[in-house]
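S.K.: Just a sequence and a predicted model for now, questions to come.
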Amino acid sequence: MKLAVIGAGNVGQAIALASTRAGHDVVITARTQDTAKTVADRLHVSWAASNGDGVRDADAVVIAVPYDSVAGVAREIAEGVAGKPVIDATNPLLPDGSGLAVTDRSGAEVLQDAVPEAFVVKAFNTVFAGNQAEPVVDDAQLDGFYAGSNDTAKTIVAEFLSSVGYRPVDVGDLPAARALEQMAFLNISMNIRNGWPWRSGWKLVGPIS
């Protein structure tokens, strides 16, 4: 799969690394071209000069930027992601990290409004960057929870999650992303409060099929 990763921070780099290890063709973008090139060279992936350029030939797109950058990114890529899965790996945290910046809707639903011709799927947001490239904790394969309202896009995302090492778990239509964002915030806040090493992850136990 040709995958565009928008964002070269810890999460974007980890997803790009896992993806290229799994055999996907990855292009990464960043706030500056110098950063994009530096990261791309280190990860042995391609880079693009702009977000619009990055998504143009991609089969799917991952958004891995701070939440306050999502709206701007959406404006830049809206035309280029028409008809494509857009994987929202972000978490809509308040600037001080004290809670979520959304209330009755998820950040993923807000993103869907901004890229109406794309198919937004929430995924990867419940996993810390340190676990993204190798989603195994204490010998347990982490679950890759995903939510979306387009079945074709969800199938692509499920196969992608599986290819990079997760057990895909479909949690429902896109509004279910609200629960995933709350799950992520709970994990974040517990690590901050308890001084944990940012390695904890979510795993359903028991039969799920």
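M.R.: Alright, I've got the coordinates. Predicted model only: the values in this text are computed from it and were never measured.

S.K.: Mind naming the longest helix for this structure?
M.R.: helix 177-194 (DSSP state H).

S.K.: so for that helix, what's the average pLDDT?
M.R.: Averaging pLDDT along helix 177-194 yields 97.

S.K.: Report all helices and strands that it contacts.
M.R.: Counting contacts by 3 or more Cβ pairs under 8 Å, 6 or more residues apart in numbering; DSSP states H and E, helix 177-194 is packed against helix 107-114, strand 119-123, strand 143-148. C-beta: built from backbone N, CA, C; applies to glycine.

S.K.: residues making contact with the longest one?
M.R.: Defining contact as Cβ atoms under 8 Å, 6 or more residues apart in numbering, one finds that helix 107-114 is touched by 63, 67, 70-71, 74-75, 78, 86, 88, 90-92, 100-102, 118, 120-122, 147, 174-175, 177-178, 181.

S.K.: do the same with the last one
M.R.: The set of residues that contact strand 143-148 without belonging to it, under Cβ under 8 Å, 6+ apart, is 85, 108, 119-124, 126-127, 135, 154, 157-158, 161-162, 166-177, 179-180, 183, 202-204.

S.K.: The same query, at a cut-off of 6 Å, please.
M.R.: 121-123, 126, 154, 157, 161, 166-169, 171-172, 174, 176-177, 180, 202-204 (Cβ atoms under 6 Å, 6 or more residues apart in numbering).

S.K.: Give me the buried positions along it.
M.R.: 143-148 (16 or more other Cβ atoms under 10 Å).

S.K.: Just the buried subset of the contacts of strand 143-148, please.
M.R.: For the contacts of strand 143-148, buried by 16+ other Cβ under 10 Å: 121-123, 126, 154, 157, 161, 166-169, 171, 174, 176-177, 180, 202.
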